[in-house]
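Peer 1: build me a model:
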Amino acid sequence: MSGDTLLRTPLYDEHLAAKARMVPFTGYAMPVQYTGIVDEHQTVRNHAGLFDVSHMGELLIEGPQAVALVDGLVTNETRNLLDGQARYTLCCNDAGFPLDDLIVYRVRHDRVLVVCNASNRAKIVAHFQSKIGAQARVTDISDETALIAFQGPKAIGILREAGVDARIEELPAFHFLDTSLFNVDVTLSKTGYTGEDGVEIFCPPGEAARIWRSLLQIGAAHGVKPCGLGARNTLRLECKMALYGNEIDESISPLEAALAWAVKLDKGDFVGRDAIAAVKARGLSRKLVGFEVTDKAIVRDHWQVVDAEGQPVGLVTSGSPSPTLGKNIGLALVPVGLSELGTALRLRDPERGREASAVVVKTPFYKRKA
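Peer 2: Residues are numbered from 1 along each chain as shown. Here you go, the predicted model:
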């Protein structure tokens with residue numbers, strides 16, 4: 001897709017004005033960095049950062065059976081959500097492999113919002129419409145929804161300074177509320193992809209730029225900066241948050257991807273349940289682990305895990321320097337026999353033949369203090 005045909009989010013002009021480095025991403029022109037990945041990463045860990053995530057997909061499921069219908073399409077239990085509560089989950093095909101990972105928001109008993117990855121938007125819309133049929137109305141509202149992530153330890157305080165409802169201070173993780181921000185009706189959700197406190201802001205596309213500029217203006221004295229896809233990736237990796245296309249896809253079982261906590265086999269039937277249960281019953285042959293590089297190499301996505309004879313036996317799903325830890329880290333799918341903590345791994349760049357030594361370590365690599 002050429003630069004002329006890339007889609008633009010409502011914040012595209014703001015990125016250009018801030019001299020962001022723009023790249024193609026899931027069909028959109030998106031900012032990969034502004035001042036630099038490490039600087040933006042540290043901004044989120046120590047202050048607060050703004051991310052444009054308006055490329056994400058949003059589906060609205062409406063009807064008397066909306067909650068039950070969605071519950072039958074996802075792995076985690078969502079039928080027991082309360083109004084104003086959200087939950088991370090996976091949406092699988094009949095073979096038990098993830099079509100995407102989602103966040104499901106219960107607005108009320110007959111209205112559910114589902115947020116999916118931009119790259120899977122068309123697939124998930126079609127899947128939901130096919131499975132639900134005429135039992136409920138499934139509407140793709142992605143183009144009518146802008147989404148801004150405001151993440152970091154100072155984010156909530158800055159929102160209060162901006163006059164947001166005081167309830168935001170007591171709102172638990174994975175809960176959301178409707179409120180006003182800069183005289184705009186918005187939904188604030190205590191969710192994110194960085195491991196820090198903060199919110200995701202659902203707002204009308206026409207108001208997104210004003211909200212973005214206003215938060216940067218109020219937050220300037222607190223060290224707030226715009227942040228791009230590069231920092232979003234290193235932040236989520238430190239917290240061992242799965243990235244679709246890396247840790248999960250239609251060839252990796254949720255159980256292999258260490259996402260069993262998001263799969264409730266005892267909740268009742270759902271698409272892919274029997275296949276996942278069969279994987280659990282026969283046992284895993286491979287699993288996702290975290291590793292720390294023990295030499296000076298920087299290991300990247302898609303490196304190989306090789307055995308003593310140099311034969312590929314596993315795959316690095318994500319690898320990067322960790323700005324917080326000052327180490328090179330990553331996640332890899334390895335044979336179960338190589339998954340114990342302290343196990344030495346041999347990693348290889350399949351393109352250039354470079355090798356690195358690593359050791360399996362406890363994850364997440366980083367967890368914020370309560």
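
Peer 1: show me what counts as buried in stretch 61-72.
Peer 2: Residues Ile61, Gly63, Ala66, Val67, Ala68, Leu69, Val70, Asp71, Gly72 are the ones in stretch 61-72 that count as buried (16 or more other Cβ atoms under 10 Å). No exception for glycine: its C-beta is placed from N, CA and C like everyone else's.

Peer 1: now it: mean pLDDT?
Peer 2: Average pLDDT, stretch 61-72: 98.

Peer 1: thinking again about what came up before, now the buried residues of stretch 61-72 in TSV, with secondary structure and distance to Ala260?
Peer 2: Output for these, formatted as TSV (DSSP: H, G, I helix; E, B strand; the rest coil; distance: Cβ to Cβ, whole Å):
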residue	secondary structure	distance to Ala260
Ile61	strand	26
Gly63	coil	31
Ala66	helix	27
Val67	helix	23
Ala68	helix	23
Leu69	helix	24
Val70	helix	21
Asp71	helix	18
Gly72	coil	20
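
Peer 1: can I assume Gly49 is in contact with His222?
Peer 2: No. With contact defined as Cβ atoms under 8 Å, Gly49 does not count as touching His222 (11.0 Å).

Peer 1: these two: who's more crowded?
Peer 2: Each of Gly49 and His222 has its neighbours counted (other Cβ atoms under 10 Å); Gly49 has more, 32 against 15.

Peer 1: okay, that one and Gln129: tell me how far apart.
Peer 2: Gly49 is 35 Å from Gln129, where distance means Cβ to Cβ, to the nearest Å.

Peer 1: could you do Thr294 as well?
Peer 2: From Thr294 over to Gln129 (counting by Cβ to Cβ), the distance is 49 Å.

Peer 1: neighbours of the residue nearest to Val224 when sequence neighbours are not counted, how many?
Peer 2: Spatial nearest neighbour of Val224, chain neighbours left out: Ala48 (4.9 Å); criterion: Cβ to Cβ, 6 or more residues apart in numbering. Residues contacting Ala48 under the criterion other Cβ under 10 Å number 28.

Peer 1: quick check on Ala48: phi, psi?
Peer 2: Torsion angles at Ala48 (phi, psi; degrees, to the nearest 10) stand at phi -170, psi 150.

Peer 1: give the contact list for it.
Peer 2: For Ala48, the contact set (Cβ atoms under 8 Å, 6 or more residues apart in numbering) comprises Phe150, Gln151, Gly152, Pro153, Lys154, Ala155, Ile158, Gly198, Gly219, His222, Gly223, Val224.

Peer 1: quick check, pLDDT for the third one.
Peer 2: Taken from the predicted model, the pLDDT recorded for Gly152 is 98.

Peer 1: can you check the last one too?
Peer 2: Confidence at Val224, expressed as pLDDT, is 98.

Peer 1: where in the chain is pLDDT low?
Peer 2: Along the chain, the parts satisfying pLDDT under 70 run over 1-4.

Peer 1: the stretch 101-250 of the chain: helices as residue ranges?
Peer 2: For the stretch 101-250 of the chain, applying DSSP state H, counting those that start in this stretch gives helices covering 121-132, 155-161, 205-219, 229-238.

Peer 1: now those helices in CSV, please, with extra columns for distance to Ala370.
Peer 2: Converted to CSV, the helices of the stretch 101-250 of the chain look like this (distance: least, Cβ to Cβ, whole Å):
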stretch, distance to Ala370
helix 121-132, 33
helix 155-161, 14
helix 205-219, 23
helix 229-238, 17
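
Peer 1: out of the ones you listed, which is closest to Pro10?
Peer 2: Pro10 sits nearest to helix 205-219 of all those, at 4.1 Å, using Cβ to Cβ.

Peer 1: burial check on the closest residue to Lys19 other than its chain neighbours, number of neighbours?
Peer 2: Nearest non-adjacent residue to Lys19, counting by Cβ to Cβ, 6+ apart: Tyr34, 7.0 Å away. Residues lying near Tyr34 (other Cβ under 10 Å) number 22.
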